[in-house]
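Novice: Sharing a sequence plus its predicted fold:
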Amino acid sequence: LPRLTTECLEDFGAVKSCIRQESETSLVKALALDTNRLSRLRALNGGTIMLDWLQREKCSGRIIPDHVLHWLEQEKIHVSDIDFILDRMSEQQVCNYLQRQKSGTRDSLRQIISTWRDYLSMADKLGINTNDEIVYRVKLLRQRHDELVEQLRKRERDMEAAATARKYRKIAGICRSIKPKYEYTGEMYSIVVPSGVRDIMREGDALSHCVGKSDRYWERIEQQEAYILFLRKTAEIDKPYYTLEVEPNGTIRQKRTYFDRQNEDLKDAEKFLKEWQKVVSERLTESDREKAEKSKVLRLQEFEQLRQDDIRIHTGDLAGQRLVDVLVSDLMETAA
């Protein structure tokens, strides 16, 4: 057993993993094998990994072909690496499956095994029957893994949205009530009012900014200090473009796209935004104007506090700038 001996000499931990019956004086019994399997280990010049598989073979009673033992040892695949699937597939089947998945990809076998394990774990969480062969032997493993990641993320966001909607119970009603007043469609651009919490969270996720992740926006909506609206291209009305934070009279506090940025294309939309503000001003009630006055006072108070505290932006394109300066430059007030 030259290979096994060398590995044990190089790593004392390997000795402990090999010896299953420390009190036995017979080698075959100490290794928890039988005469036939010890002979196979000698004939194949196996090391610790092959010994591990032969020990499993003896316990399970399921014969592992010699070429599979060689492949498992060559690829350094331990029993513990793939034990999550061995109740449903033989070692030969696992070997064939991993080789098929390896074909045409740059992923290592270890990465493929990890992806497979994660995929089945996610499938269990989603209530998918992982004892169904079409599930556990999925053909496009990486693609299906990524699909389940997205499903789990969506489920978690749905649960988060439901919890937020329970906490801020007025938001859905407020969104419905302001829809006729603030929605507006132009030839090139449109303003869309979200239906509630979930729409706003989807917008934040799609554009990778903080709307939907901070309580301050929900609180402002509930208090009707400011609303979250969506600026969209009319030809792509369902595709997130810019997110707006708007005071009750149409004053735009913030307008942000991907990663909290403002790009050059926003200049082209500003004419439409001013047009929209004029339309909104004609739809306002006395109650809206009162809310707008309170909103302005709160905004100015917040700006003053930000100045005093000298709050700086720490990440992104605006890193290092004072937050109040960015917010002031972003402000687009309605005409008097």
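Specialist: Arrived safely.

Novice: The stretch 51-200 of the chain: helices as residue ranges?
Specialist: 66-74, 79-82, 91-102, 109-125, 133-136, 141-167, 171-182, 197-207 (DSSP state H, counting those that start in this stretch).

Novice: Which pLDDT value belongs to Thr5?
Specialist: Per-residue pLDDT puts Thr5 at 88.

Novice: Buried ones in the helix or strand hosting it, by neighbour count?
Specialist: According to DSSP states H and E, Thr5 maps onto helix 2-10. Neighbour-count burial for helix 2-10 flags 3-4, 7-8 (criterion: 16 or more other CB atoms under 10 Å). (Glycine included, C-beta is placed from N, CA and C.)

Novice: Tell me which other helices or strands that helix touches.
Specialist: Helix 2-10 sits against helix 12-18, helix 48-60, with contacts defined as 3 or more CB pairs under 8 Å, 6 or more residues apart in numbering; DSSP states H and E.

Novice: what residues does that helix touch?
Specialist: Identification of contacts with helix 2-10 by CB atoms under 8 Å, 6 or more residues apart in numbering yields 14-15, 18, 41, 45-48, 51.

Novice: Among these, list the two that are farthest apart in space.
Specialist: The largest separation in these, counting by CB to CB, is between Val15 and Asn45 at 18.0 Å.

Novice: hang on, the earlier thing: and of the buried residues of helix 2-10, the nearest to Ile237?
Specialist: Glu7 (64.8 Å).

Novice: hang on, Leu303 packs against Leu327?
Specialist: Residue 303: Phe, not Leu. Yes: counting by CB atoms under 8 Å, Phe303 sits close enough to Leu327 to count as a contact (6.6 Å).

Novice: Quick one: distance of the helix holding Thr5 to the chain centre.
Specialist: For helix 2-10, the separation from the chain centroid amounts to 44 Å (computed by CA atoms, centre = their mean, to the nearest Å).

Novice: separation between the nearest residue to Met122 once chain neighbours are set aside and Ile200?
Specialist: Excluding the flanking residues, the one nearest Met122 by CB to CB, 6 or more residues apart in numbering is Leu148, at 4.2 Å. Distance of Leu148 to Ile200, computed by CB to CB, to the nearest Å: 25 Å.

Novice: And these two? Which one has more around it.
Specialist: Using other CB atoms under 10 Å as the criterion, Leu148 and Ile200 rank with Ile200 on top: 26 against 20.

Novice: tell me the contacts of the more buried one?
Specialist: Ile200 makes contact with 194, 211-212, 217, 228, according to CB under 8 Å, 6+ apart.

Novice: Mind checking which of those residues land in strands?
Specialist: Secondary structure defined by DSSP state E assigns Ile228 of the contacts of Ile200 to strands.

Novice: which one of the contacts of Ile200 is nearest Lys102?
Specialist: Gly212 (39.9 Å).

Novice: Give me the neighbour count for that closest one.
Specialist: Counted with other CB under 10 Å, residues neighbouring Gly212 total 25.

Novice: Show me the residue at the heart of this structure, geometrically.
Specialist: Arg153 (5.3 Å; CA atoms, centre = their mean).
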